[in-house]
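J.: can you look at this prediction? I've put the sequence above it.
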Amino acid sequence: MIRTDVLVIGAGPAGSTAAKHAALGGCDVILVDKKSEIGAPKRCAEGVSMGGLESLGIKPNPQWITRKIEGVRLVSPNGTSVWLTSEKVELPEAGYILERKVFDKHLAMDAARAGSRIMIKTLARGLQRVDDGYIVDLETMGEEFQIKARIIIAADGPESRVARWAGLKTATKPKDMESAAQFEMVGVEMEDNHCIEFYFGSVAPGGYAWIFPKGDDIANVGLGVLSTRTNKSAYEHLLEFVEDCPATRNAQPVELNIGGDPVGGMPKKLVTDGLMVVGDAAGQVNPLTGGGIISGMTGSMLAGRVAAKAMKDNDTSKERLSEYEKLAYESIGKDINRYLKVKDYMLSLSDDELDSIAEAFKDVEFEKISTTELVKKLVKVSPRALLKLGRLF
Ligand SMILES: Cc1cc2nc3c(=O)[nH]c(=O)nc-3n(C[C@H](O)[C@H](O)[C@H](O)COP(=O)(O)OP(=O)(O)OC[C@H]3O[C@@H](n4cnc5c(N)ncnc54)[C@H](O)[C@@H]3O)c2cc1C
């Protein structure tokens, strides 16, 4: 039987980050993924903030960046646009559109360079608790084998099962799982192909539609919906969106991505004896945007570091590992809870309310207007909308 200090299950951004930091901390680490190619297929619109990468100590690399983003266009149901570009507002930070198939591999390579052993096309099938860790059943190329590990880091994504095998209640409720569908398309005609676009309202019930440019006429075009708000599938909504949207009417798909995005926040417990859960598997996703790359990597960096300290202390109990839970709630949990409230507010707005808010703000120079003036403007267009916002805080 193979033995290791830390076994990371899942080599997405979260798993590779956890493996890297556990290895840097001196642990023997094995990182497994059921896929034969790390990063493919992608299930992602590939947007990240510059500040997010910086906070993780990751230098932007042209090999995995397809576009630098310089602004945002918000589009209301009747097509009214509000532009948030550097001329109109001081953007807190710009962003990048990645090539996830390359980015994810680079993260796994970083984990390997830090000392992790990587096993691809290796599926974790189950685990059992033993005195000083877990025995995990795995399969690769039709062959079954076992790994004994002191600590498991479950980084197995939105359909995670590993943490549940160990008794943690991490299953995402159907009402909190956004269904997403996306085409990567060519022939996309955006008004400004250095800005990302968000479309709100009944075009994507419970979520929004997006166009994220990856090149002059190439973009990820997708949307997320909540099944509690529509009887149609995300794919059906996407087909309608692509046909109706002026930017995509003449575009052709070269890739289809379908996936779930857990947008209900983090479960209460992220650790049990000898096991920590990270990334999408731990609901480490911004519930407003559905973005989980940076938050998941932040959570898993913390988990990897705690794993290394726990191994040094020779204490892998849930009490020792709960340091990770505490740090994760402090660093990302608070923001996630705040965004949950903003999301509730956004979902409470009708198409008409969204249109009148966009109409009122379309020409605003956000740089030159105070918060009080902004609130006054909102009261004028939609007192009901402001009341709803007030109740949330
Ligand atoms: C359509 C869509 C668009 C999105 N757009 C964005 C965006 O623009 N920006 C952003 O920040 N986020 C976005 N997200 C979310 C983002 O993709 C996820 O938050 C991110 O991939 C989570 O990383 P992860 O490592 O936790 O999980 P994943 O990337 O899902 O990786 C999990 C890995 O675990 C492996 N695995 C699972 N089970 C097992 C097993 N039993 N044995 C071995 N391996 C296993 C899988 O093969 C997979 O490689 C989007 C999501 C969707 C669905």
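T.: Now that the structure is in, tell me what you want to look at. Numbers count the residues shown, from 1 in each chain.
J.: centre-most residue in this protein?
T.: For the chain, residue 292 is the residue whose C-alpha lies nearest the centre (Cα atoms, centre = their mean; 1.6 Å).
J.: and the chain, which residues reach the ligand?
T.: Residues of the chain found near the ligand (Cβ under 6 Å from any ligand atom) are 9-15, 32-35, 43-48, 123-124, 155-158, 180, 182, 222, 257, 259, 261, 279-281, 285, 290-293, 296. Every residue, glycine included, has its C-beta placed from N, CA and C.
J.: look at the residue lying closest to residue 165 once chain neighbours are set aside and say how many residues are nearby.
T.: Spatial nearest neighbour of residue 165, chain neighbours left out: residue 127 (5.3 Å); criterion: Cβ to Cβ, 6 or more residues apart in numbering. By other Cβ atoms under 10 Å, 24 other residues sit near residue 127.
J.: over to residue 334?
T.: Residue 334 has 10 neighbours, counted by other Cβ under 10 Å.
J.: so it, which of the three states?
T.: Three-state call for residue 334 (DSSP: H, G, I helix; E, B strand; the rest coil): helix.
J.: next: residue 284.
T.: Assigned with three-state DSSP, residue 284 falls in the coil class.
J.: whichever strand or helix holds residue 105: what's the following helix or strand?
T.: Secondary structure assignment for residue 105, by DSSP states H and E: helix 100-113. With elements assigned by DSSP H and E, the helix or strand that comes after helix 100-113 is strand 117-119.
J.: packing partners of that next one?
T.: strand 29-32, helix 100-113 (3 or more Cβ pairs under 8 Å, 6 or more residues apart in numbering; DSSP states H and E).
J.: a markdown table for these, including mean neighbour count?
T.: As requested, those are exported to a markdown table (neighbours: other Cβ atoms under 10 Å):
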| stretch | mean neighbour count |
| --- | --- |
| strand 29-32 | 27 |
| helix 100-113 | 20 |
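J.: now do the same contact list for the residue in the stretch 51-200 of the chain positioned nearest to the ligand.
T.: Nearest to the ligand in the stretch 51-200 of the chain, going by Cβ to the nearest ligand atom, is residue 157, at a distance of 2.8 Å. Applying Cβ atoms under 8 Å, 6 or more residues apart in numbering to residue 157 gives the contacts 10, 12, 279, 280, 281.
J.: can I take it that it is in a strand?
T.: No: Residue 157 is assigned coil when assessed by three-state DSSP, not a strand.
J.: give the buried subset of the residues of the chain next to the ligand as a PyMOL selection command.
T.: The PyMOL command for the buried members of the residues of the chain next to the ligand (criterion: 16 or more other Cβ atoms under 10 Å) is given here:
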select buried, resi 9+10+11+12+13+14+15+32+33+34+35+43+44+45+46+47+48+124+155+156+157+158+180+182+222+257+259+261+279+280+281+285+290+291+292+293+296
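J.: next step: the residues of the chain next to the ligand restricted to strands.
T.: Per DSSP state E, strands hold the following members of the residues of the chain next to the ligand: 9, 32, 47, 48, 123, 124, 180, 182, 222, 257, 259, 261.
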